[in-house]
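Trainee: everything below, folded, please.
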Amino acid sequence: MTAHGAVGPSAAGAFPTAADPALRLLVIASMVIIAGLAWAWTVALAAMPSCHTLPLPAFLGMWTVMMAAMMFPALIPVVLVYAMMARVRTRRPLLAATVFVAGYLVIWGLLGLPVHALLAAVGALVGSWPGLAATTGTIGGAVLIGCGVYQLTPLKDACLRHCRMPHLFLGHHWRNGITGALTLGIHHGLFCAGCCASIMLVLLVVGMMNMTWMVGLSAVIYLEKVLPAGRIVGRAVGVALCAAGLARIVA
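Mentor: From the prediction side, this is the model:
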């Protein structure tokens, strides 16, 4: 154990054996219920025509709920591992897991700041330069190609590997206490944002409140993080995005 209370990778495998069926059920049920409520709230707002015109606090609230809807299904295995590890180190593993998730959401909530600024800037630019609207297909296609290429990069692979192997990450970077739970949640949120950066950009291109794309992209996030062949899924999505971008440019 390090001075910060970290547990070496060799010890990480010991924690999942300390299974607690009641804790596992509570974690899974809580995450599923919250994700379901987030999806219900998002669907209710799907008809909003111009979310970028919302005041910043309202936009950040909407954005954070949307991210919870999209990310929580794939986050469940990570929170389960964290809760099982916290169970042998604290008498309040559920509280620690809640703080871990809160730290994770802090990162996604803060990412709403540049997203809001970008949407507002694009809206203002199109409004002041009407001719720009004719080039949106080309610009959107170029962004999709960029997103597809990112899916094939070593940075994407590194972030995805982190999300797919929570035992190693949590075992190596473990921090005790509530502050440690918050730190770990933020740390994981940063890697998750790096893993899903291209997916979020795609969502901005096709429309933030496009429910069909939201569901499809959420499925991609889940499959590439949870399936044994998730890395292949991510690369296939990258190739598909490049093809879609090219088709959008030449159409």
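
Trainee: nearest residue to Arg175 other than its sequence neighbours?
Mentor: In space, and not counting its chain neighbours, Arg175 is closest to Thr183: 5.3 Å by C-beta to C-beta, 6 or more residues apart in numbering. Yep, even glycine has a C-beta here, placed from its N, CA and C like the rest.

Trainee: which residues touch the residue nearest to Trp63 when sequence neighbours are not counted?
Mentor: What sits nearest to Trp63 in space, not counting adjacent residues and going by C-beta to C-beta, 6+ apart, is Gly112, at 3.6 Å. With contact set as C-beta atoms under 8 Å, 6 or more residues apart in numbering, Gly112 has these partners: Phe59, Leu60, Trp63, Thr64.

Trainee: go again using 10 Å as the cut-off
Mentor: Leu56, Phe59, Leu60, Gly61, Met62, Trp63, Thr64, Met66, Met67 (C-beta atoms under 10 Å, 6 or more residues apart in numbering).

Trainee: now those residues: which count as buried?
Mentor: Among these, those classed as buried by 16 or more other C-beta atoms under 10 Å are Phe59, Leu60, Met62, Trp63, Thr64, Met66, Met67.

Trainee: which element is the fourth one on?
Mentor: Taking DSSP states H and E as the criterion, Trp63 maps to helix 56-87.

Trainee: what element comes up after that helix heading to the C-terminus?
Mentor: In the C-terminal direction, the helix or strand that comes right after helix 56-87 (DSSP H and E) is helix 93-128.
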